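1. Dropping a prediction and its sequence here:
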Amino acid sequence: MGEDKQVKTSGFLKQGSVLAMASILVRMIGLVYRIPMNNILGDEGMGIYSASYEVYNIMLIISSYGLPMAVSKLVSAKCAQGRYRSAYTLFRRSLFFSFLTGGAAALLLYFGADALESNFFAKYRGIALPLRVLAPTIFIVAVMGVFRGLFQGRKTMMPTAVSQIFEQIINAFVSVAASFMLMRKYSTSPEVAGWGAAGGTMGTLFGAVAAFLILFFIYLLYRPVMERQKGRDRLSSRESLAASYRLILWTVVPIILSQTVYQLSGIIDVTLFNMAMETKGMSARRVSSLLGIYSTKYRLLVNVPTAVSTAIASSMIPALVASYLKNHTREVHQRVGLAIKFNMIIAFPSAVGLAVLGEPILRLLFRNSDFALGGAMLMTGSACVIFYALSTVTSGVLQSIDRMNLPVVHSLASLVLHVVLVYGLLAFTEMGVFALVLGNVTYPMLVCYLNGRAVRKHLGFRQEVVRTFSVPLIASVLMGVLTYLVYQGFILLTHRIYVAIIPAAIVAVFSYFVLVLKLQALSRTELYEFPFGRRMSILADRLHLLKM
């Protein structure tokens, strides 16, 4: 009976696993297509490409980033109460809200691109070109986010997952082709790197259009279900426009502010690095190259495993909101505990794996880049994976229990300390770009601490420590040692990275699987929650790793 209860109340992890697998696949596709793009654009062009994305991301966050999560929370809360008519009214009004905010941000970015280049990114010559290409993308993504929030609020992550995969596939093909064609066409232009970056951002635009069309088609198929649910609804009352938009704003704004603060840290890092390195006499080309390595190698790789935490947070919110509204305290604690544990089981080995195999991965992916520097960055800063995973999930918990303002406050406090630390390291040490890497670890670390303290206070919840944190850490360290020895052994024998890295990766996965189960970090029921969990349990039984 207890096991059935566990499966019933933790089913959100299965939906989260679907979205997590799609997100990881999307990031893997991103890694693959960045290889030819990096070869086409070079570090300077990738620096412009990355800087334009920093601006795009901040505009996207301000205008619409919080919409999927906010719509998911609003729809799930109304549906949990049986108020389907109110839920779908909020969906339609959120859609209109996205037209306004996404459209305003798109116009602002398109017509303000030249001003941004001349006043803030003078060293990135030609950055206005990719910014203009990204402007209409903001509008499309804003509208698309509302549709994704609707489906997530109804506890299905499949439409979001499918649309993300198709979006990235289109993005990959168009980005590479457009970058190549524009670089060749404008090869004699002083803004050739900017034109190449603009080609890369064209993939983002075309991918967003494809994803929106897929979601809209699924929505048309789902509309009859919505109409039947609305017809059975006897609880909803008419809500005024003012009341609806107050509720939407009250939900969206804290999420947007929290993400804006995080994104601001990236823009502030770029600005501080530019100022500090200029004072120290570093050339603009070298500054752009270092930021290109930091943004498109280090941060690109560490963002792959953090996709899991983002997916789990998204899938957790509808289920957690429903349990919280029904005052099912035990169920709320169970959901939170499972979400955190699931993330830590993934985050610890990911961080250690990136530290150990970061340089050979970069050697394979980016042949024409400074892979030694990128590998050193990963060795130094891969621990951020753990802290970002934990901070993302705990922020989702606080937002689910109507403590929307707390993640914003915690992010702001962390940002202030982050700026002081990074500025001090850049100005008074010779750490250079490694100051940004260290700041990328300490920022989410403080958010974790503040979020964790708030969750304990408002939910009376304390996370189990040994099987959630200690065992994954020990298993990951042992895995890292074995992986390093296998990799170095094959390098000595073959002198081929692509030959050595495959058995090293196999040893990493298998050894961690054995160690985590042997040290009893997961029960059989918890293992079932993982993708292919039942198949893994069969293997575990053959190896006598699970208790019967």
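-> Thanks, I have it.
2. Any idea how far the lengthiest helix in the chain is from the middle of the chain?
-> Ranked by residue count and defined by DSSP state H, the top helix of the chain is helix 12-60. How far helix 12-60 lies from its chain's middle: 10 Å, per C-alpha atoms, centre = their mean, to the nearest Å.
3. got a list of what the residue in the chain sticking out farthest from the centre touches?
-> When distances are taken from the C-alpha mean of the chain, Arg234 lies farthest, 39.0 Å away, according to C-alpha atoms, centre = their mean. Contacts were defined as C-beta atoms under 8 Å, 6 or more residues apart in numbering; by that measure Arg234 touches no other residue. No exception for glycine: its C-beta is placed from N, CA and C like everyone else's.
4. Same check on the one 5 residues further on?
-> Taking C-beta under 8 Å, 6+ apart as the criterion, Glu239 is in contact with Ser86, Thr89.
5. That one and Glu54: what is the separation?
-> Using C-beta to C-beta, to the nearest Å, Glu239 is found at 38 Å from Glu54.
6. Next: Arg125.
-> In this structure, Arg125 and Glu54 are separated by 16 Å, where distance is defined by C-beta to C-beta.
7. Within the helices and strands, which one has Leu215?
-> When secondary structure is defined by DSSP states H and E, Leu215 falls within helix 192-232.
8. Also Phe530?
-> Counting by DSSP H and E, Phe530 is part of no helix or strand.
9. For this structure, which helix or strand comes out least confident on mean pLDDT?
-> Using mean pLDDT, DSSP states H and E, the weakest-scoring helix or strand in the chain turns out to be helix 2-9, at a mean of 43.
10. In this structure, where is pLDDT below threshold?
-> Residues of the chain that meet the criterion pLDDT under 70 lie in 1-16, 43, 120-124, 236, 367-370, 531-532, 548.
11. Which residue would you name as the spatial centre of it?
-> Against the mean C-alpha coordinate of the chain, by C-alpha atoms, centre = their mean, the closest residue is Ala307 at 4.5 Å.
12. quick one: contacts for that one?
-> Taking C-beta under 8 Å, 6+ apart as the contact definition, Ala307 lies against Ala20, Ser23, Ile24, Val26, Arg27.
13. For the first one, which non-adjacent residue is spatially closest?
-> Read that as Ala20. Spatial nearest neighbour of Ala20, chain neighbours left out: Ala311 (3.8 Å); criterion: C-beta to C-beta, 6 or more residues apart in numbering.
14. gap between the one you found and Val55?
-> When distances are taken as C-beta to C-beta, Ala311 and Val55 turn out to be 26 Å apart.
15. of those two, who's got more company?
-> Looking at Ala311 and Val55 with other C-beta atoms under 10 Å, you find the greater number of neighbours at Ala311, namely 27 against 23.
16. Please give the element, helix or strand, for that one.
-> Using DSSP H and E, Ala311 sits in helix 299-325.
17. Next secondary structure after that helix?
-> Where DSSP H and E defines the elements, the next helix or strand beyond helix 299-325 is helix 329-365.
18. So what angle separates the directions of that following helix and helix 12-60?
-> 60 degrees (axes from the mean of the first three to the mean of the last three C-alpha atoms, to 10 degrees).
19. Return the list of helices and strands in contact with helix 329-365.
-> Applying 3 or more C-beta pairs under 8 Å, 6 or more residues apart in numbering; DSSP states H and E, we find helix 329-365 packed against helix 2-9, helix 12-60, helix 299-325, helix 371-381, helix 384-400, helix 434-459, helix 471-494, helix 497-518.
20. how about it: buried residues?
-> For helix 329-365, a neighbour-count test (16 or more other C-beta atoms under 10 Å) marks 331-363, 365 as buried.
21. hang on, the earlier thing: so which bits of the following helix or strand past the longest helix of the chain are buried?
-> Using DSSP H and E, the next helix or strand after helix 12-60 towards the C-terminus is helix 67-80. Applying a neighbour-count criterion of 16+ other C-beta under 10 Å, the buried positions in helix 67-80 are 67-80.
22. and the next helix-or-strand element following helix 67-80, what other elements does it pack with?
-> Proceeding C-terminally, helix 67-80 gives way to helix 84-119 as the next helix or strand, assigned by DSSP H and E. Judged by 3+ C-beta pairs under 8 Å, 6+ apart, helix 84-119 is in contact with helix 12-60, helix 67-80, helix 128-153, helix 192-232, helix 241-279.
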